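# My questions are about this predicted structure, shown below with the sequence.
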Amino acid sequence: MKKITVISGKGGTGKTFLTASFASISKNKVIVDCDVDAANLYILLHPDIKKEEVFMGGYEVSINQDKCIKCGKCLTICRFDAVKTVKNKNNLIDKILIDKFSCEGCGACLYGCPVDAIEIKEMENGKWFISDTKYGPFIFAKLNVTSENSGKLVSKIKEEGCKIGEEIKADYVIMDGPPGIGCPVIASLSGVDIAIVVTEPTLSGISDMERVIGVAEFFKVETKVVINKYDINIENTKRIEEICKKREIDVIGYIPFSEKVFESVVQTIPYVEFSNDSITEEIKNIWEKIAKQ
């Protein structure tokens, strides 16, 4: 079972558009949307949700005001500036509170409080879903607003996707990775066989492509590059080719700019089902190269 992650380094390069088309043309696969901070692959795949689970990925810390003696020890212990004070008109501490946006849930204050006034409990960070589509099983997740630990959630749905893949003896697990180079991207690349980097011939596209290639290389993941909208700046496209040649990375596809791509997204249809044109042929050629790896 080959595990494939489509990544980009930055948002807006066409990563999800390409992944949806891979989902449409490939056979015997499981699809996973690892972009849990802003999941949108489901818009194109129209899933029928079969299972919904809560993701408990963090801790919520609070202070029991009835127990608190306002000694301030938690203030000195916290290294994340998450303990805040409310003072009265005499400039004395009236109340001590935990700022949930600054708190990392490390629990140091819990062990330092002399009167056990610190309370900590698991917090719901989001939900993950197992669904069916006409393309095969599809696993995705939604992180709650302001919630963190998206890397753990990515690892969870990857694990579920691979488990289902083994059960149905799938040939591929196709994952739509998150943009950037942070923890969610690292989680999406962990243990995969090949990373497909979708880039564009812009200065930010080139810079972010190099950064995410560096992450993939660090984890020793075989990497291929697809240049989307390659014809908007041929000079930058050549620059991408030169960078890939120096790093011994194959450029396996060139997709031209077309407003029809936007139209297919508006109609929530994978592009290869929307238009039978040169772009569709190129996407099919790209997939054939990936499948042969």
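That came in fine, so what should we check first?

# and this protein, what are its domains?
2-57+127-292, 65-116 (automatic domain parsing).

# From the chain's centre, how far out is the first one? Work that out for me.
Just to be clear, that refers to domain 2-57+127-292. Distance, stretch centre to chain centre, for domain 2-57+127-292: 10 Å (Cα atoms, centre = their mean, to the nearest Å).

# Please apply the same query to the shortest one.
Its chain's average C-alpha position is 34 Å from that of domain 65-116, according to Cα atoms, centre = their mean.

# For residue 56, report the pLDDT, please.
Note on residue 56: pLDDT of 87.

# how much space between it and residue 190?
Residue 56 is 21 Å from residue 190, where distance means Cβ to Cβ, to the nearest Å. All C-beta atoms are positioned from the backbone trio N, CA, C, and that covers glycine.

# for residue 54, same thing?
23 Å.

# repeat for residue 108
28 Å.

# Ok, residue 27 next?
Residue 27 is 25 Å from residue 190, by Cβ to Cβ.

# Compare neighbour counts for those two and give me the winner.
Comparing residue 27 with residue 190 by other Cβ atoms under 10 Å, the one with more neighbours is residue 190, at 15 against 10.

# Thought residue 220 was touching that one, still the case?
No - with contact defined as Cβ atoms under 8 Å, residue 190 does not count as touching residue 220 (11.1 Å).

# low-confidence ranges in this structure?
By pLDDT under 70, the low-scoring segments of the chain are 148-149.

# Could you pull out the helices in it for me?
For the chain, the helices defined by DSSP state H cover 15-25, 41-45, 73-77, 108-112, 150-167, 183-189, 203-218, 234-246, 259-266, 271-274, 278-292.

# what comes up buried for the longest one?
Using 16 or more other Cβ atoms under 10 Å as the burial criterion, the residues of helix 150-167 that qualify are 150-158, 160-162, 164-165.

# Quick one: list the elements packing against that helix.
strand 29-33, strand 48-63, strand 118-133, strand 136-143, strand 172-176, helix 183-189 (3 or more Cβ pairs under 8 Å, 6 or more residues apart in numbering; DSSP states H and E).

# so which of these gets nearest residue 291?
strand 172-176 (7.8 Å; Cβ to Cβ).

# if I look at the nearest residue to residue 211 once chain neighbours are set aside, how far off is residue 132?
Once flanking residues are discounted, residue 211 sits nearest to residue 181: 5.1 Å by Cβ to Cβ, 6 or more residues apart in numbering. Here residue 181 is placed at a distance of 33 Å from residue 132 (Cβ to Cβ).

# Right, I'll leave it there.
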